[in-house]
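[1] Sharing a sequence plus its predicted fold:
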Amino acid sequence: MTSPPPSPTRIDGKYDVLRELSRHGNVTLSEVRAAQGVTRTVAWFDVATPAARQAFHAYRSVLRALNPAGLTDVVARPGAYYTVWQALAGTPLAAFLVQSVKPAEAVEALRGLAGRLAEHGYALPDADVMVDGHEARIAFLHALDTPRTPESVATLNVQTLTALDGGRVRRPRRPGAWLTFVPGLLLLGGAGYLGAQAAQTYLNPPVREVVDVTGQEAQSAARKLSALGFRVEYTQGQTGGKAIGSIIRQDPAAGTNLPLGRLVTLTVNNPPATEVPRLEEMNVAQAKDALKDRAMVLGKIIRVDGTLTNTPEGRIVTQLPEPGSSAQRGQQVQVMVSTGVAGKETWLPLLAGLTVEQAKLHARAAGLVVTRVKEQPSEKAAGTVLAQTPAAFVRVASGSPVVLTVAIARYSPPSRPADSLPLPPVYVPPTPVQPEPAQPEVPAQPEAPTDTTPTDQTPVPDTTTTPDGITPDPVTPDSIPVTPLPSPAPETTTPNPAPAARTVTFRYTFPANLPDGSYSVVVKDAGGERPIMPAADAGALRGLAATSAEAPVSGDAVFIIRKDGVDFATVTP
C-alpha cells in the first residue's frame with residue numbers, strides 16, 4: 001500500500017500546515033496547527049514499499065518502549081503513516097554540553113537516557129534531547145531504517161558523553177553537612193544498624209499488591225500507584241465506550257504482588273480525532289444515530305424555549321462542540337433541545353423552484369420543520385422542489401410538519417445493487433469483400449458457320465449473290481464478332497444482424513452511508529453510453545430510492561453509477 005504525500009495545506013484532514021521544516025529521505029517534517037490552535041510538528045512518512053512499512057512499525061515499537069515526552073500521537077494505517085510532536089521546555093543538549101557547570105543529577109539523567117536508547121539500537125545524536133532542571137527528555141526521535149549496531153551506538157555515545165566531562169560538575173548539597181564535626185563514634189555506632197537494615201531491604205524488598213486502576217482518570221490512577229511505592233509510566237491506546245484520558249489497561253494486572261519501586265505501565269485511552277456531525281434540526285434519536293456513526297456519544301441535554309429561534313418542539317437548537325470541529329472518539333456532545341414555540345402562527349412562502357436545502361432553511365426560519373420529502377420524476381433538475389404542504393402563505397401553527405415534493409430524474413432504481421458484471425464481447429466489424437476487377441470489353445464476334453467438312457478447316461468463300469447482284473465479302477472466323485459472357489456478380493457478405501431493441505428500467509436505492517461526492521448514472525449498450533441521471537450531490541441521494549422511466553437499449557445493457565466521474569457501482573437491468 002502506497003502512502004501518498006501530505007497535502008500542501010492539510011494533513012490527514014485535521015492538521016493545517018503552517019510551513020515545511022525539512023525533508024530527509026522519505027520523511028517530511030512540517031509545522032502544523034492542531035485543534036484549539038496549538039502548534040505541533042508532524043513527521044510524515046512516505047511509505048511506498050513493504051520494507052518502508054516494516055521500518056515504520058519497528059520505529060513505532062521503539063517509540064512505545066521509550067515513550068518520549070515530546071510525542072503526542074502515532075498514526076499507522078494504509079495511506080497515513082506519521083508522528084506528532086510537541087515542543088518541550090528546557091535547554092537543548094548541545095547548549096547543555098558547553099556549560100561550564102553542570103548539575104550532577106542532569107549528567108546522570110543523560111547517561112541513563114543514553115543507556116535506554118542503546119537498548120533499542122539508537123544513540124544520543126539520533127534524538128533531540130532537552131535538559132530541564134535535573135531531567136533529560138526526548139523532544140523528537142529521528143527514525144532509522146535499521147537499528148544501529150552496538151559498536152556504532154557506543155562510538156556515537158562516547159563522542160557525546162565525553163563532552164559531559166568538560167567543565168565542573170556541581171554536586172548536590174546535602175543538608176546538615178556542617179555537622180560532620182560530630183564525633184565519628186556516633187556515626188560508627190549507627191552505621192552497623194543502618195547497614196544491616198539497608199542490606200535487608202535491598203535483598204528482601206517489601207512486596208505490595210497492585211491495585212486495579214482501570215477506568216480511572218490517568219493522573220488519579222498514577223497518584224494512587226505512586227502512593228503505594230510503584231513507578232508509573234504511560235502509553236497510549238484506544239477503545240470504545242471508555243472516557244478519553246481514562247486507563248484501559250495496566251501492566252502488571254491488578255492483584256499482582258510486586259516489589260516496591262517496580263514499574264507499572266498504564267495504557268491511556270487516546271483515540272484519533274474525528275469530525276463532529278451537524279445535529280441541528282434533528283430529534284434526540286436521530287442525533288444518537290449520527291453520533292454513533294462517528295464513535296461519539298450524546299451528552300447533556302438541555303431543554304430551552306424555541307420561540308426565539310422558531311425551532312419546533314423536540315428538535316435540536318444548537319450543540320457543543322460545533323458542527324465540523326475536531327473532537328476525540330468517545331467524546332460527548334451536549335445539545336439544546338427546543339420545548340416548542342409558544343402560541344404562534346406562521347406561514348411559508350412559495351418554495352417551488354428552490355432546492356431541498358433552501359426549502360429547509362425557509363421552513364426553519366418560519367418555525368416549521370420538514371418531516372417528509374416525496375420524490376416525483378420530473379424534467380426539472382434533481383432536488384428541485386415541485387410542491388409543498390402546507391401551501392404557500394397559508395397560516396399554520398408553529399412546529400407544524402412540512403412535506404416537500406422534490407424532482408428526481410426519470411429513471412428506475414434497481415431492486416438491489418449488482419456485483420461486477422462480465423464485459424460484453426468486443427465488437428468485430430465484418431471484413432468487406434473486394435469485388436473482382438471488371439474484364440475489358442471484347443468486341444462481339446459473329447459465330448462461325450458450321451463446316452460439314454470433317455478434315456478441311458480452310459474457309460470456303462461464300463458465293464451467294466444478293467438480289468441486287470452484289471457478292472458479299474468472304475466470312476472468316478476472325479471476322480465473326482464474339483459477344484462476351486456476363487461476368488459473375490461480386491459476392492457480397494451479409495452484415496451481422498443488428499442487436500434487438502428493448503426497454504429496460506433502472507432501479508436503485510442509494511445507501512444511507514453514501515460517501516460524499518457527486519453521483520451520476522449512465523446506461524451502456526451496443527450503441528454506446530447515454531446519461532439517464534444528471535450529477536447530484538451525495539447529501540440529496542442518501543437513502544433515496546431512485547427510479548427511472550423505461551429506457552430504450554439495444555443488445556446487452558448495464559447501468560453504471562459514477563462518483564466524481566469514476567465508476568462506483570454497476571447495476572444489471
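    Here it is on my side, so go on.

[2] Show me what secondary structure element comes after whichever strand or helix holds R137.
    According to DSSP states H and E, R137 maps onto strand 135-141. Using DSSP H and E, the helix or strand that follows strand 135-141 towards the C-terminus is helix 150-161.

[3] got the buried residues for that next one?
    For helix 150-161, the neighbour count (16 or more other C-beta atoms under 10 Å) marks V153, L156, N157, T160 as buried. C-beta: built from backbone N, CA, C; applies to glycine.

[4] Check stretch 74-93 too.
    Buried residues in stretch 74-93, counting neighbours by 16+ other C-beta under 10 Å, are found at 74-76, 80-86, 88, 90, 93.

[5] of those residues, closest to A123?
    For the buried residues of stretch 74-93, the closest approach to A123 (C-beta to C-beta) belongs to L93, at 12.0 Å.

[6] pLDDT value on that closest one, please?
    With respect to pLDDT, L93 has a value of 87.

[7] Please verify my assumption that it contacts D126.
    No. Under the criterion of C-beta atoms under 8 Å, L93 is not in contact with D126, lying 11.6 Å apart.

[8] would F559 count as being in a strand?
    Yes. Applying DSSP: H, G, I helix; E, B strand; the rest coil, one finds F559 inside a strand.

[9] got a pLDDT number for it?
    Value for F559, per-residue pLDDT: 87.

[10] My guess is it contacts I532. True?
    Yes. The pair F559 / I532 is scored as a contact, 7.5 Å apart, by C-beta under 8 Å.

[11] Between these two, which contacts overlap?
    Counting by C-beta atoms under 8 Å, 6 or more residues apart in numbering, the shared contacts of F559 and I532 are F506, V521, V522, V523.

[12] residues touching the third one, list them.
    Shown here is V522, whose contacts under the criterion C-beta under 8 Å, 6+ apart are E529, R530, P531, I532, F559, I560, R562.

[13] Nearest residue to the last one in space, please, no chain neighbours.
    What that stands for is R562. S520 (5.3 Å; C-beta to C-beta, 6 or more residues apart in numbering).

[14] got a list of what that neighbour touches?
    Contact analysis of S520 by C-beta under 8 Å, 6+ apart lists P531, M533, P534, A535, A536, I561, R562.

[15] most surrounded residue in those residues?
    When the contacts of S520 are compared by neighbour count (other C-beta atoms under 10 Å), M533 ends up highest, at 24 neighbours.

[16] That residue: helix or strand, and which one exactly?
    Counting by DSSP H and E, the element that carries M533 is strand 528-537.

[17] For that strand, which strands pair with it and how are they oriented?
    strand 518-525 (antiparallel) (DSSP bridges).

[18] what pLDDT, on average, does the strand it pairs with get?
    Strand 518-525 shows a mean pLDDT of 88.

[19] could you dump it to PDB, C-alpha only?
    Written as PDB, here are the backbone C-alpha positions of strand 518-525 (Å, rounded to 0.1, in the frame of the first residue of the first chain):
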ATOM      1  CA  SER A 518     -21.200  13.900  -7.000                       C
ATOM      2  CA  TYR A 519     -23.100  10.900  -8.500                       C
ATOM      3  CA  SER A 520     -24.400  10.400 -12.000                       C
ATOM      4  CA  VAL A 521     -25.900   7.400 -13.800                       C
ATOM      5  CA  VAL A 522     -25.400   6.300 -17.500                       C
ATOM      6  CA  VAL A 523     -26.700   3.300 -19.500                       C
ATOM      7  CA  LYS A 524     -24.200   1.400 -21.700                       C
ATOM      8  CA  ASP A 525     -25.400  -0.800 -24.500                       C
END
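
[20] So which bits of that strand are buried?
    Across strand 518-525, burial judged by 16+ other C-beta under 10 Å covers Y519, S520, V521, V522, V523, K524, D525.

[21] Quick check: the third one touching E529?
    The reference is to V521. No. V521 lies out of contact with E529 (C-beta under 8 Å); the separation is 10.6 Å.

[22] Common neighbours of those two, please.
    Common neighbours of V521 and E529, counting by C-beta under 8 Å, 6+ apart, are I560.

[23] so where is the protein shaky, pLDDT-wise?
    1-8, 165-205, 240-241, 343, 411-428, 432-500, 547-549 (pLDDT under 70).

[24] re the thing from before, export the buried residues of strand 518-525 to JSON lines and tack on distance to R231?
    Below are the buried residues of strand 518-525 laid out as JSON lines (distance: C-beta to C-beta, whole Å):
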{"residue": "Y519", "distance to R231": "57"}
{"residue": "S520", "distance to R231": "62"}
{"residue": "V521", "distance to R231": "63"}
{"residue": "V522", "distance to R231": "66"}
{"residue": "V523", "distance to R231": "69"}
{"residue": "K524", "distance to R231": "68"}
{"residue": "D525", "distance to R231": "73"}
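
[25] what's stretch 230-239 in contact with?
    By C-beta under 8 Å, 6+ apart, stretch 230-239 touches 64, 67, 73-74, 208, 210, 218, 221-222, 225-226, 248-249, 258, 260-272, 329.

[26] picking that back up, of all pairs in the buried residues of strand 518-525, which one spans the longest distance?
    Within these, Y519 and D525 form the most distant pair, 20.7 Å apart (C-beta to C-beta).

[27] Adding distance to V385, write the shared contacts of F559 and I532 out as a markdown table.
    Converted to a markdown table, those look like this (distance: C-beta to C-beta, whole Å):
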| residue | distance to V385 |
| --- | --- |
| F506 | 23 |
| V521 | 22 |
| V522 | 26 |
| V523 | 27 |
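
[28] quick one: which of those is nearest to Q99?
    V521 (71.9 Å).

[29] For beta bridges, what are the partners of that closest one?
    M533, I561.

[30] Let me see the contact set for it.
    For V521, the contact set (C-beta under 8 Å, 6+ apart) comprises 409, 411, 506, 508, 531-533, 546, 548, 559-562.

[31] What is the nearest of these to A52?
    Taking C-beta to C-beta as the measure, A52 sits nearest to R562 out of those, at 33.4 Å.

[32] Next up, the contacts around the closest one.
    Contacts for R562 (C-beta under 8 Å, 6+ apart) come out as Y519, S520, V521, V522, F568.

[33] picking up where we left off before, separate out the buried members of the contacts of V522.
    Neighbour counting over those (16+ other C-beta under 10 Å) leaves I532, F559, I560, R562 as the buried ones.

[34] What separation do you get for the residue nearest to R562 and L354?
    Using C-beta to C-beta, to the nearest Å, S520 is found at 22 Å from L354.

[35] go on, L308?
    Distance, L308 to L354, by C-beta to C-beta: 25 Å.

[36] Leaving out the residues flanking it, which one is nearest to P277?
    Spatial nearest neighbour of P277, excluding adjacent residues (C-beta to C-beta, 6+ apart): A290 at 4.7 Å.

[37] tell me the SS of that neighbour?
    Under three-state DSSP, the three-state class of A290 is helix.

[38] from what I can see it touches E280, true?
    No. Assessed by C-beta under 8 Å, A290 is found out of contact with E280, at 10.9 Å.

[39] picking that back up, distance to T384 for the contacts of V522 - can I get that in TSV?
    Shown next, in TSV, are these (distance: C-beta to C-beta, whole Å):
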residue	distance to T384
E529	25
R530	22
P531	18
I532	17
F559	23
I560	24
R562	22
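
[40] which one of the residues you listed is nearest F140?
    Checking the contacts of V522 against F140 with C-beta to C-beta, the nearest one is R562 at 44.7 Å.
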